[in-house]
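Q: sharing a sequence plus its predicted fold:
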Amino acid sequence: MSSNPQTPNSASPWRFCTAPMMDWSDRHCRYFWRLLSRNARLYTEMLTTGALIHGDRERFLRFDEVETPVALQLGGSNPTDLALCAKWAQDWGYDEVNLNCGCPSDRVQNGAFGACLMGEPELVRDCVSAMRSACDIDVTVKHRIGIDHMESYDELCHFVGTVAEGGCEVFIVHARKAWLKGLSPKENREVPPLNYPWVHQLKQDFPAFTVVINGGIETLDDCEAQLGKLDGVMLGRSAYHNPWILAEVDSRFFGEPRQPRYREDIIEAILPYVENELSRGARLNQITRHLLGLYQEVPGAKRYRRLLSEQAHRPGAGADVLRAAVNEVTQLAA
(Lines give C-alpha, C1' and ligand atoms only; values in the text may rest on other atoms or scores of the structure.)
Protein backbone atom coordinates (compact mmCIF):
# COMPACT_ATOMS: atom_id res chain seq x y z
CA MET A 1 0.00 0.00 0.00
CA SER A 2 1.04 3.56 -0.53
CA SER A 3 3.18 4.93 2.28
CA ASN A 4 1.87 8.42 1.56
CA PRO A 5 -1.93 8.51 1.27
CA GLN A 6 -1.80 11.31 -1.30
CA THR A 7 0.92 10.17 -3.70
CA PRO A 8 1.91 6.99 -5.53
CA ASN A 9 4.47 4.80 -3.81
CA SER A 10 7.82 5.01 -5.60
CA ALA A 11 8.98 1.87 -3.76
CA SER A 12 5.94 -0.22 -4.67
CA PRO A 13 6.71 -3.86 -5.55
CA TRP A 14 4.28 -3.33 -8.44
CA ARG A 15 6.22 -0.39 -9.87
CA PHE A 16 6.89 -2.31 -13.08
CA CYS A 17 5.09 -5.51 -14.05
CA THR A 18 4.82 -7.72 -17.10
CA ALA A 19 1.31 -8.73 -18.05
CA PRO A 20 -0.28 -12.17 -17.88
CA MET A 21 -0.67 -13.23 -21.53
CA MET A 22 -2.32 -16.45 -22.63
CA ASP A 23 0.07 -18.78 -24.47
CA TRP A 24 2.90 -16.26 -24.08
CA SER A 25 3.95 -15.59 -20.48
CA ASP A 26 4.78 -19.20 -19.66
CA ARG A 27 7.69 -20.23 -17.46
CA HIS A 28 10.20 -20.24 -20.33
CA CYS A 29 9.24 -16.68 -21.23
CA ARG A 30 9.45 -15.57 -17.61
CA TYR A 31 12.89 -17.11 -17.15
CA PHE A 32 14.08 -15.16 -20.19
CA TRP A 33 12.53 -11.92 -18.96
CA ARG A 34 14.12 -12.33 -15.55
CA LEU A 35 17.54 -12.30 -17.19
CA LEU A 36 16.66 -8.85 -18.54
CA SER A 37 15.25 -7.39 -15.31
CA ARG A 38 15.82 -8.50 -11.73
CA ASN A 39 13.02 -6.36 -10.31
CA ALA A 40 10.08 -6.50 -12.72
CA ARG A 41 7.13 -8.38 -11.26
CA LEU A 42 6.27 -11.24 -13.62
CA TYR A 43 2.82 -12.74 -14.10
CA THR A 44 1.90 -16.20 -15.32
CA GLU A 45 -0.58 -16.71 -18.10
CA MET A 46 -4.06 -17.21 -16.67
CA LEU A 47 -4.67 -20.66 -15.22
CA THR A 48 -8.22 -21.76 -14.49
CA THR A 49 -9.14 -23.28 -11.17
CA GLY A 50 -10.53 -26.27 -13.06
CA ALA A 51 -7.21 -26.92 -14.78
CA LEU A 52 -5.36 -26.86 -11.46
CA ILE A 53 -7.90 -28.96 -9.57
CA HIS A 54 -8.44 -31.59 -12.25
CA GLY A 55 -5.33 -31.33 -14.43
CA ASP A 56 -1.57 -31.76 -14.22
CA ARG A 57 -0.93 -29.41 -11.32
CA GLU A 58 2.83 -29.92 -11.31
CA ARG A 59 3.11 -28.98 -14.98
CA PHE A 60 0.97 -25.88 -14.52
CA LEU A 61 2.54 -24.57 -11.32
CA ARG A 62 6.21 -25.47 -11.74
CA PHE A 63 8.57 -22.53 -12.19
CA ASP A 64 12.22 -21.74 -11.62
CA GLU A 65 13.03 -19.89 -8.41
CA VAL A 66 14.97 -17.33 -10.46
CA GLU A 67 11.62 -16.03 -11.74
CA THR A 68 10.64 -14.45 -8.43
CA PRO A 69 8.97 -12.10 -7.76
CA VAL A 70 6.29 -13.94 -9.72
CA ALA A 71 2.51 -13.88 -9.49
CA LEU A 72 0.04 -16.64 -10.38
CA GLN A 73 -3.03 -15.40 -12.22
CA LEU A 74 -6.18 -17.44 -11.67
CA GLY A 75 -9.39 -17.63 -13.64
CA GLY A 76 -12.41 -18.72 -11.68
CA SER A 77 -15.50 -17.59 -9.81
CA ASN A 78 -16.06 -20.23 -7.12
CA PRO A 79 -14.70 -18.96 -3.79
CA THR A 80 -13.95 -22.44 -2.49
CA ASP A 81 -12.03 -23.45 -5.61
CA LEU A 82 -10.14 -20.16 -5.71
CA ALA A 83 -9.20 -20.51 -2.05
CA LEU A 84 -7.79 -23.99 -2.70
CA CYS A 85 -5.75 -22.71 -5.66
CA ALA A 86 -4.53 -19.69 -3.70
CA LYS A 87 -3.23 -22.06 -1.02
CA TRP A 88 -1.42 -24.05 -3.71
CA ALA A 89 0.07 -20.82 -5.08
CA GLN A 90 1.57 -20.11 -1.67
CA ASP A 91 2.75 -23.69 -1.24
CA TRP A 92 4.54 -23.59 -4.61
CA GLY A 93 6.33 -20.36 -3.74
CA TYR A 94 4.47 -17.69 -5.69
CA ASP A 95 4.67 -14.16 -4.30
CA GLU A 96 1.13 -13.21 -5.26
CA VAL A 97 -2.11 -14.68 -6.54
CA ASN A 98 -4.11 -12.52 -8.94
CA LEU A 99 -7.78 -12.93 -9.85
CA ASN A 100 -8.62 -12.31 -13.51
CA CYS A 101 -11.61 -9.99 -13.90
CA GLY A 102 -10.59 -8.62 -17.28
CA CYS A 103 -10.40 -11.38 -19.92
CA PRO A 104 -13.34 -11.07 -22.36
CA SER A 105 -13.01 -14.30 -24.37
CA ASP A 106 -16.11 -16.42 -25.02
CA ARG A 107 -14.48 -19.40 -23.31
CA VAL A 108 -13.94 -17.37 -20.17
CA GLN A 109 -17.46 -15.94 -20.26
CA ASN A 110 -18.92 -19.42 -20.62
CA GLY A 111 -17.05 -20.33 -17.45
CA ALA A 112 -18.61 -17.33 -15.69
CA PHE A 113 -15.32 -15.65 -14.89
CA GLY A 114 -12.98 -13.08 -16.40
CA ALA A 115 -14.37 -9.68 -17.38
CA CYS A 116 -17.98 -10.69 -16.78
CA LEU A 117 -17.17 -10.76 -13.06
CA MET A 118 -17.12 -6.96 -13.12
CA GLY A 119 -20.90 -7.22 -13.18
CA GLU A 120 -20.82 -9.18 -9.90
CA PRO A 121 -18.62 -7.19 -7.50
CA GLU A 122 -20.09 -8.91 -4.44
CA LEU A 123 -19.04 -12.30 -5.82
CA VAL A 124 -15.53 -10.97 -6.51
CA ARG A 125 -15.43 -9.62 -2.94
CA ASP A 126 -16.32 -13.07 -1.62
CA CYS A 127 -13.73 -14.73 -3.87
CA VAL A 128 -11.01 -12.40 -2.63
CA SER A 129 -12.04 -12.92 0.98
CA ALA A 130 -11.86 -16.70 0.58
CA MET A 131 -8.47 -16.51 -1.11
CA ARG A 132 -7.06 -14.25 1.59
CA SER A 133 -8.29 -16.63 4.27
CA ALA A 134 -6.49 -19.50 2.55
CA CYS A 135 -3.04 -17.92 2.10
CA ASP A 136 -0.68 -15.28 3.42
CA ILE A 137 0.63 -14.00 0.07
CA ASP A 138 -0.79 -10.93 -1.69
CA VAL A 139 -4.22 -11.40 -3.27
CA THR A 140 -4.79 -8.91 -6.09
CA VAL A 141 -7.34 -8.27 -8.83
CA LYS A 142 -6.83 -7.37 -12.48
CA HIS A 143 -9.86 -5.82 -14.11
CA ARG A 144 -11.16 -3.45 -16.78
CA ILE A 145 -12.71 -0.03 -16.24
CA GLY A 146 -16.07 -1.55 -17.09
CA ILE A 147 -18.03 -3.95 -19.27
CA ASP A 148 -20.90 -3.52 -21.71
CA HIS A 149 -23.55 -2.02 -19.47
CA MET A 150 -21.16 -0.16 -17.15
CA GLU A 151 -21.01 3.37 -18.49
CA SER A 152 -20.00 5.49 -15.52
CA TYR A 153 -16.98 6.10 -13.36
CA ASP A 154 -19.21 5.64 -10.31
CA GLU A 155 -19.82 2.02 -11.35
CA LEU A 156 -16.07 1.46 -11.53
CA CYS A 157 -15.71 2.94 -8.03
CA HIS A 158 -18.50 0.68 -6.79
CA PHE A 159 -16.66 -2.36 -8.14
CA VAL A 160 -13.34 -1.36 -6.55
CA GLY A 161 -14.91 -0.35 -3.25
CA THR A 162 -16.92 -3.56 -3.00
CA VAL A 163 -13.96 -5.81 -3.88
CA ALA A 164 -11.84 -3.95 -1.32
CA GLU A 165 -14.28 -5.11 1.37
CA GLY A 166 -12.93 -8.61 0.74
CA GLY A 167 -9.42 -7.45 1.60
CA CYS A 168 -7.98 -6.56 -1.81
CA GLU A 169 -5.51 -3.68 -1.65
CA VAL A 170 -3.90 -3.95 -5.10
CA PHE A 171 -5.90 -3.22 -8.27
CA ILE A 172 -4.36 -3.69 -11.71
CA VAL A 173 -6.54 -1.78 -14.13
CA HIS A 174 -6.68 -2.29 -17.89
CA ALA A 175 -7.78 1.19 -18.91
CA ARG A 176 -10.40 0.00 -21.43
CA LYS A 177 -13.90 -1.37 -21.12
CA ALA A 178 -14.45 -4.95 -22.23
CA TRP A 179 -17.22 -5.39 -24.77
CA LEU A 180 -18.42 -8.89 -24.09
CA LYS A 181 -20.50 -9.14 -27.23
CA GLY A 182 -19.32 -8.41 -30.75
CA LEU A 183 -15.55 -8.13 -30.27
CA SER A 184 -12.83 -10.76 -30.28
CA PRO A 185 -10.27 -10.81 -27.45
CA LYS A 186 -7.76 -9.17 -29.82
CA GLU A 187 -10.26 -6.43 -30.72
CA ASN A 188 -10.99 -5.93 -27.03
CA ARG A 189 -7.32 -5.02 -26.55
CA GLU A 190 -7.49 -2.39 -29.29
CA VAL A 191 -11.00 -1.14 -30.11
CA PRO A 192 -12.52 0.14 -26.85
CA PRO A 193 -10.96 3.55 -26.24
CA LEU A 194 -8.35 3.99 -23.54
CA ASN A 195 -9.42 6.04 -20.54
CA TYR A 196 -6.35 6.80 -18.45
CA PRO A 197 -8.02 9.66 -16.50
CA TRP A 198 -10.42 7.22 -14.83
CA VAL A 199 -7.50 5.12 -13.59
CA HIS A 200 -5.69 8.23 -12.35
CA GLN A 201 -8.86 9.30 -10.56
CA LEU A 202 -9.14 5.90 -8.90
CA LYS A 203 -5.80 6.50 -7.21
CA GLN A 204 -7.03 9.87 -6.00
CA ASP A 205 -10.29 8.45 -4.70
CA PHE A 206 -8.73 5.32 -3.17
CA PRO A 207 -5.32 6.67 -2.08
CA ALA A 208 -4.59 3.84 0.37
CA PHE A 209 -4.70 1.23 -2.38
CA THR A 210 -1.99 0.28 -4.86
CA VAL A 211 -3.23 1.13 -8.37
CA VAL A 212 -1.36 -0.25 -11.38
CA ILE A 213 -2.23 0.71 -14.96
CA ASN A 214 -2.27 -1.54 -18.02
CA GLY A 215 -3.31 -1.02 -21.63
CA GLY A 216 -1.80 0.90 -24.54
CA ILE A 217 1.54 1.49 -22.82
CA GLU A 218 4.27 0.92 -25.39
CA THR A 219 7.53 2.45 -24.17
CA LEU A 220 9.45 3.13 -20.98
CA ASP A 221 8.77 6.82 -21.53
CA ASP A 222 5.06 5.98 -21.41
CA CYS A 223 5.69 4.11 -18.18
CA GLU A 224 7.51 7.04 -16.64
CA ALA A 225 4.64 9.37 -17.45
CA GLN A 226 2.17 7.05 -15.72
CA LEU A 227 4.36 6.56 -12.65
CA GLY A 228 3.95 10.21 -11.82
CA LYS A 229 0.31 9.48 -11.01
CA LEU A 230 0.14 5.78 -10.12
CA ASP A 231 1.92 3.11 -8.10
CA GLY A 232 2.85 0.92 -11.03
CA VAL A 233 2.63 0.09 -14.71
CA MET A 234 2.12 -3.20 -16.50
CA LEU A 235 3.49 -3.87 -19.98
CA GLY A 236 2.26 -6.72 -22.13
CA ARG A 237 2.70 -7.19 -25.84
CA SER A 238 5.18 -4.36 -26.30
CA ALA A 239 7.55 -6.11 -23.88
CA TYR A 240 6.98 -9.45 -25.58
CA HIS A 241 7.64 -8.22 -29.11
CA ASN A 242 10.62 -6.07 -28.09
CA PRO A 243 11.93 -7.67 -24.88
CA TRP A 244 15.19 -5.70 -24.92
CA ILE A 245 13.33 -2.73 -23.44
CA LEU A 246 13.23 -4.72 -20.19
CA ALA A 247 17.01 -4.38 -19.94
CA GLU A 248 16.56 -0.73 -18.86
CA VAL A 249 13.85 -1.33 -16.28
CA ASP A 250 16.08 -1.87 -13.24
CA SER A 251 18.17 1.25 -13.77
CA ARG A 252 15.28 3.43 -14.84
CA PHE A 253 12.64 2.48 -12.27
CA PHE A 254 14.40 0.71 -9.42
CA GLY A 255 17.46 2.88 -8.87
CA GLU A 256 20.07 0.34 -9.88
CA PRO A 257 23.30 1.59 -11.49
CA ARG A 258 23.15 1.75 -15.26
CA GLN A 259 25.60 -0.75 -16.73
CA PRO A 260 26.46 -1.70 -20.31
CA ARG A 261 24.31 -4.66 -21.38
CA TYR A 262 24.54 -6.84 -24.44
CA ARG A 263 22.03 -9.17 -26.02
CA GLU A 264 24.71 -11.82 -26.47
CA ASP A 265 25.21 -11.92 -22.70
CA ILE A 266 21.52 -12.73 -22.28
CA ILE A 267 21.80 -15.57 -24.76
CA GLU A 268 24.86 -16.94 -22.96
CA ALA A 269 22.99 -16.73 -19.66
CA ILE A 270 19.98 -18.65 -20.95
CA LEU A 271 21.92 -21.44 -22.69
CA PRO A 272 22.36 -23.59 -19.54
CA TYR A 273 18.62 -23.29 -18.92
CA VAL A 274 17.91 -24.29 -22.53
CA GLU A 275 20.14 -27.33 -22.30
CA ASN A 276 18.63 -28.38 -18.98
CA GLU A 277 15.08 -28.05 -20.28
CA LEU A 278 15.92 -29.99 -23.44
CA SER A 279 17.33 -32.78 -21.28
CA ARG A 280 13.98 -32.89 -19.47
CA GLY A 281 12.01 -33.33 -22.67
CA ALA A 282 11.26 -29.76 -23.76
CA ARG A 283 11.48 -28.84 -27.44
CA LEU A 284 13.78 -26.01 -28.43
CA ASN A 285 11.06 -23.94 -30.09
CA GLN A 286 9.04 -23.93 -26.84
CA ILE A 287 11.78 -21.69 -25.45
CA THR A 288 13.15 -19.84 -28.47
CA ARG A 289 9.74 -18.61 -29.63
CA HIS A 290 9.95 -16.14 -26.75
CA LEU A 291 13.38 -14.94 -27.88
CA LEU A 292 12.39 -14.02 -31.45
CA GLY A 293 12.11 -10.30 -30.66
CA LEU A 294 15.41 -9.95 -28.78
CA TYR A 295 17.26 -8.48 -31.77
CA GLN A 296 14.45 -6.25 -32.99
CA GLU A 297 15.81 -3.22 -34.90
CA VAL A 298 19.31 -4.75 -34.97
CA PRO A 299 20.94 -5.53 -38.36
CA GLY A 300 20.53 -9.25 -38.96
CA ALA A 301 17.38 -9.55 -36.85
CA LYS A 302 15.35 -10.89 -39.75
CA ARG A 303 17.91 -13.64 -40.42
CA TYR A 304 18.02 -14.48 -36.69
CA ARG A 305 14.25 -14.87 -36.52
CA ARG A 306 14.11 -16.91 -39.70
CA LEU A 307 16.78 -19.36 -38.53
CA LEU A 308 15.03 -19.91 -35.21
CA SER A 309 11.60 -20.19 -36.83
CA GLU A 310 12.78 -22.68 -39.44
CA GLN A 311 15.04 -24.86 -37.33
CA ALA A 312 14.06 -24.74 -33.65
CA HIS A 313 10.91 -26.83 -34.17
CA ARG A 314 12.78 -29.73 -35.80
CA PRO A 315 13.08 -32.99 -33.85
CA GLY A 316 16.32 -33.06 -31.91
CA ALA A 317 17.07 -29.36 -32.38
CA GLY A 318 19.58 -28.30 -29.73
CA ALA A 319 21.14 -25.18 -28.27
CA ASP A 320 23.51 -25.02 -31.23
CA VAL A 321 20.60 -23.70 -33.30
CA LEU A 322 20.32 -20.71 -30.98
CA ARG A 323 24.08 -20.15 -31.05
CA ALA A 324 24.07 -20.24 -34.86
CA ALA A 325 21.23 -17.72 -35.05
CA VAL A 326 23.11 -15.32 -32.75
CA ASN A 327 26.27 -15.75 -34.81
CA GLU A 328 24.35 -14.64 -37.89
CA VAL A 329 23.37 -11.40 -36.17
CA THR A 330 26.81 -10.64 -34.79
CA GLN A 331 28.44 -11.22 -38.17
CA LEU A 332 25.99 -8.94 -39.96
CA ALA A 333 26.27 -6.28 -37.25
CA ALA A 334 30.08 -6.32 -37.29
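A: All right, it came through fine.

Q: buried set for stretch 116-135?
A: Neighbour-count burial for stretch 116-135 flags 116-121, 123-132, 134-135 (criterion: 16 or more other Cβ atoms under 10 Å). C-betas here are computed from N, CA, C, even on glycine.

Q: check what pLDDT P185 gets.
A: pLDDT recorded at P185 is 76.

Q: residues in contact with it?
A: Contact partners of P185, counting by Cβ atoms under 8 Å, 6 or more residues apart in numbering, are 103-105.

Q: let's see it at 7 Å
A: With contacts defined as Cβ atoms under 7 Å, 6 or more residues apart in numbering, P185 is in contact with 104-105.

Q: cool, and P121?
A: Residues in contact with P121 (Cβ under 7 Å, 6+ apart) are 158-159, 162-163.

Q: how many other residues sit next to L246?
A: Residue crowding around L246 was assessed by other Cβ atoms under 10 Å; the count is 22.

Q: wait, it touches A40, no?
A: Yes - between L246 and A40 there is a contact at 6.4 Å, judged by Cβ atoms under 7 Å.

Q: and for those two, which residues touch both?
A: Shared contacts of L246 and A40, defined by Cβ under 7 Å, 6+ apart, comprise W33.

Q: per-domain residue ranges of this protein.
A: Structural domains assigned to the chain are 16-253, 263-333, following automatic domain parsing.

Q: just name the most buried of those domains.
A: domain 16-253 (a mean of 19; mean count of other Cβ atoms under 10 Å).

Q: now do the strands in this structure.
A: 16-18, 42-43, 47-48, 70-75, 96-101, 138-147, 170-178, 210-214, 232-235 (DSSP state E).

Q: tell me, what's the model's pLDDT at H200?
A: Listed pLDDT for H200 reads 98.

Q: and the one 3 residues further on, by the same measure?
A: Per-residue confidence at K203 stands at 98 (pLDDT).

Q: as TSV, the contacts of P121 with pLDDT and distance to P260 would be great.
A: Output for the contacts of P121, formatted as TSV (pLDDT from 0 to 100; distance: Cβ to Cβ, whole Å):
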residue	pLDDT	distance to P260
H158	98	50
F159	98	46
T162	98	49
V163	98	44
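
Q: can you list the low-confidence ranges for this protein?
A: Within the chain, the ranges that satisfy pLDDT under 70 run 1-10, 106-111, 333-334.

Q: repeat that for 90
A: Counting by pLDDT under 90, the chain shows low-confidence ranges at 1-11, 103-113, 148-151, 179-192, 259-261, 328-334.

Q: residues contacting the longest helix that it contains, please?
A: Identified as the longest helix of the chain according to DSSP state H is helix 263-279. Helix 263-279 is touched from outside by 31-32, 35-36, 244, 284, 287, 294-295, 318-319, 322, 326, 330, with contacts defined as Cβ under 7 Å, 6+ apart.

Q: do that again at 8 Å, thanks
A: By Cβ under 8 Å, 6+ apart, the residues outside helix 263-279 that reach it are 28, 31-32, 35-36, 64, 244, 247, 284, 286-288, 291, 294-295, 298, 318-319, 322-323, 326, 329-330.

Q: so T219 touches V249, yeah?
A: No - at 11.8 Å, T219 does not count as touching V249 under the criterion of Cβ atoms under 8 Å.

Q: which residue sits closest to E65, ignoring its sequence neighbours?
A: In space, and not counting its chain neighbours, E65 is closest to G93: 6.9 Å by Cβ to Cβ, 6 or more residues apart in numbering.

Q: contacts only, for the one you found.
A: 63, 65, 68.

Q: tell me how far T162 lies from W198.
A: T162 sits 17 Å away from W198 when distances are taken as Cβ to Cβ, to the nearest Å.

Q: from what I can see L202 touches A164, true?
A: No - here L202 does not reach A164: they are 11.2 Å apart, not a contact under Cβ under 8 Å.

Q: what's K181 sitting at in phi/psi?
A: phi -120, psi 130 (degrees, to the nearest 10).

Q: surely H241 is in contact with L294?
A: No - between H241 and L294 there is no contact under Cβ under 8 Å: 10.4 Å.

Q: any shared contact partners between these two?
A: With Cβ under 8 Å, 6+ apart, H241 and L294 have no common neighbours.

Q: reformat the strands of the chain as CSV; add distance to K302.
A: Putting those into CSV (distance: least, Cβ to Cβ, whole Å) gives the following:
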stretch, distance to K302
strand 16-18, 25
strand 42-43, 28
strand 47-48, 34
strand 70-75, 32
strand 96-101, 35
strand 138-147, 35
strand 170-178, 32
strand 210-214, 30
strand 232-235, 24
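
Q: could you work out the end-to-end span of stretch 87-96 for me?
A: One end of stretch 87-96 sits 11 Å from the other (Cα to Cα, to the nearest Å).

Q: residues contacting L294?
A: L294 touches 243-244, 263, 266-267, 304, counting by Cβ under 8 Å, 6+ apart.
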